[in-house]
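> Got a sequence here, can you build the structure:
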Amino acid sequence: MESFDTVNNRARVLQQRKQKRKAERREHDNYITSPEVAQQGIDWLFKQYPEFTTTFVLEPGCGDTSPFLYATGKRCPNVIRTGVDIREVPNGVHQDFLDYRLAPGSRGYSLIATNPPFSLAEEFMLHSLELLAPGGLCLFLLRLAFLESQKRYELWTEKVKLLDVGVLTQRPTFTKGGSDAKTAYMFAIFTHVQHPNNPVLKFLDEPRLSWLSALESK
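Modelled structure (predicted):
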């Protein structure tokens with residue numbers, strides 16, 4: 001049996017590690033998604049749903065580079081793109097996304113794509129559904145472990161309709177240089193739980209699993 005001092009020292013070390021990780025996190029979880037990863041996700045979405053068409057695209061937490069808006073624009077040049085960020089950014093609405101609302105008369109966005117702040121990922125997902133047009137799609141870059149836990153089981157099965165999971169075979173880069181992600185990532189495509197009948201996309205009852213290779217996207 002471990003002594004009190006051993007247990008106490010272990011708890012102190014764990015607390016120090018936790019404080020270090022917290023100090024290392026960037027303000028507002030501002031981890032920039034590379035254009036290549038964003039393009040990989042957008043291309044995969046249209047591969048999964050080749051009949052999907054989009055007119056209004058939203059990127060919550062767009063940052064300075066709006067990678068998902070840029071990727072969507074390369075594929076669909078005529079879409080109307082909107083970015084929202086809690087920080088002042090060059091090409092986005094300066095507002096906390098969770099306070100962002102649709103303009104009067106708007107039916108919503110047909111595509112919402114983002115790499116959400118990890119600490120607010122669930123809130124971003126649920127608020128995105130409030131802004132999503134009927135039959136629209138959400139594309140989120142998330143940690144693969146976000147599929148875990150009883151709480152998130154309820155999220156995936158009761159609050160959102162998970163359609164597709166695309167596991168990244170190469171961990172994404174959020175800073176300059178090689179892969180610096182310390183965990184596995186995925187793209188998740190989801191929509192409203194009570195989604196309207198969509199004869200074009202023909203949503204399946206169960207989510208599909210894919211692997212997204214960086215080599216295939218080159």
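
> Give me the residue ranges of this protein where confidence is low.
By pLDDT under 70, the low-scoring segments of the chain are 1-30, 175-181, 195-202, 214-218.

> what packs against the longest strand along it?
Longest strand in the chain by number of residues (criterion: DSSP state E): strand 132-143. Secondary-structure packing of strand 132-143 (3 or more C-beta pairs under 8 Å, 6 or more residues apart in numbering; DSSP states H and E): helix 35-48, strand 109-114, helix 121-131, strand 185-191. (Glycine included, C-beta is placed from N, CA and C.)

> if you skip the residues just before and after it, what's nearest to the spatially most central residue of the chain?
Geometric centre of the chain, nearest residue: residue 140, 2.3 Å, by C-alpha atoms, centre = their mean. In space, and not counting its chain neighbours, residue 140 is closest to residue 188: 5.0 Å by C-beta to C-beta, 6 or more residues apart in numbering.

> Isn't the residue nearest to the centre of the chain up against residue 111?
No. Using C-beta atoms under 8 Å, residue 140 makes no contact with residue 111, being 11.6 Å away.

> Nearest to residue 78 among the helices and strands packed on strand 132-143 would be which one?
Across these, residue 78 has its closest neighbour in strand 109-114 (12.7 Å, C-beta to C-beta).

> Okay, now the sheet partners of that closest one, with direction.
If you go by DSSP bridges, strand 109-114 pairs up with strand 56-60 (parallel), strand 132-143 (parallel).
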